[in-house]
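K.L.:
here's a sequence, model it:
(one chain, ligands or ions: 1)
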Amino acid sequence: MNLAILVGGRGRRLGGIEKSQLRLCGRKVIDILTEEFSSWNVVVVCRDQEQKGLFEGVECVVDRVENFGPLAGIYSALEFFGDRVAVVATDMPFLREEVVGELFRSSEKINASVLMPYWRDGRFEPLASVYSPELMPEIEKSFERNERKILAPVFRAERVFLYDVECLRKIDKNLISFFNINTAEDLKRAEELCSLMLSEGE
Ligand SMILES: Nc1nc2c(ncn2[C@@H]2O[C@H](COP(=O)(O)OP(=O)(O)OP(=O)(O)O)[C@@H](O)[C@H]2O)c(=O)[nH]1
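P.N.:
Predicted coordinates for the structure are as follows:
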């Protein structure tokens with residue numbers, strides 16, 4: 001199974017830090033993720049060559065369309081694999097392989113162009129979703145229109161399936177996979193959760 005970890009953000013809400021280099025319980029978030037997905041084909045999607053220099057021992061690709069945000073990262077991932085790929089953000093340190101595996105296999109089974117988890121309150125998880133290269137022409141239209149929202153090309157595409165996150169509780173009881181670190185408060189909470197998990201031997 002194919003996985004792309006987008007790392008090209010600027011981490012502005014955290015004061016402009018490289019989120020992939022953040023440490024939780026003494027380990028870099030990028031190392032936590034690559035270890036969790038060690039049985040997958042993994043690529044790290046960087047914003048530019050300079051950022052690529054931060055990553056060693058893992059396959060990296062650089063956005064061809066620069067400064068376009070996560071949508072450019074999704075496009076780079078599709079271009080790299082030329083096949084179905086699960087795309088995740090680098091600020092999701094507790095992502096479980098079983099959760100993304102379930103999404104990936106579901107997407108394959110129904111031949112979805114996009115399979116995207118949603119919450120019953122109406123939120124979506126575009127950066128824990130599975131995309132197929134069929135979406136690329138719609139993303140290209142977004143580039144032309146300077147339309148940065150991930151959902152814009154997604155909702156123009158055919159065979160888009162929304163996956164109720166509640167159905168993933170059978171694999172990930174607290175849906176911790178979807179926790180992401182955007183602010184200093186989130187980072188503090190992530191450290192607490194990480195220590196708790198270590199003490200519980202998870
Ligand atoms: N490859 C690539 N990834 C990106 C780009 N912009 C954002 N990302 C990644 O997409 C995910 C979501 O990013 P955002 O929430 O938009 O930005 P952020 O850097 O995480 O945080 P803020 O700057 O505080 O919004 C993160 O994993 C980012 O690293 C980009 O231009 N290219």
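
K.L.:
what's the distance between P126 and F178?
P.N.:
12 Å (Cβ to Cβ, to the nearest Å). In short, each C-beta sits where N, CA and C put it, glycine included.

K.L.:
so, low pLDDT: which residues of the protein?
P.N.:
Confidence mapping of the chain against pLDDT under 70 gives the ranges 202.

K.L.:
go again using 50 as the cut-off
P.N.:
Counting by pLDDT under 50, not a single residue of the chain qualifies.

K.L.:
need the residues of it near the ligand, please.
P.N.:
6-13, 19, 45-47, 63, 68-70, 72-73, 89-91, 127, 182 (Cβ under 6 Å from any ligand atom).

K.L.:
now do 5 Å
P.N.:
Selection of the chain residues close to the ligand by Cβ under 5 Å from any ligand atom yields 6-13, 45, 47, 63, 69-70, 73, 89-90.

K.L.:
looking at these, which are in helices?
P.N.:
Counted as lying in helices by DSSP state H, out of those, are P70, G73.

K.L.:
report the central residue of this protein.
P.N.:
V88 (0.8 Å; Cα atoms, centre = their mean).

K.L.:
so where do the strands sit in the chain?
P.N.:
Along the chain, the segments classed as strands by DSSP state E run 2-6, 23-24, 27-28, 41-46, 60-62, 85-89, 114-118, 128-131, 160-164.

K.L.:
what packs against the longest one?
P.N.:
Using 3 or more Cβ pairs under 8 Å, 6 or more residues apart in numbering; DSSP states H and E as the contact criterion, the elements in contact with strand 41-46 are strand 2-6, strand 60-62, helix 70-81.

K.L.:
go ahead and confirm P93 touches E191.
P.N.:
No: counting by Cβ atoms under 8 Å, P93 does not reach E191; the two are 10.0 Å apart.

K.L.:
which of these two has more neighbours?
P.N.:
P93 (26 against 16; other Cβ atoms under 10 Å).

K.L.:
in space, what's closest to the more buried one - neighbours in sequence excluded?
P.N.:
Distances taken as Cβ to Cβ, 6 or more residues apart in numbering place V29 nearest to P93, at 4.8 Å, with adjacent residues excluded.
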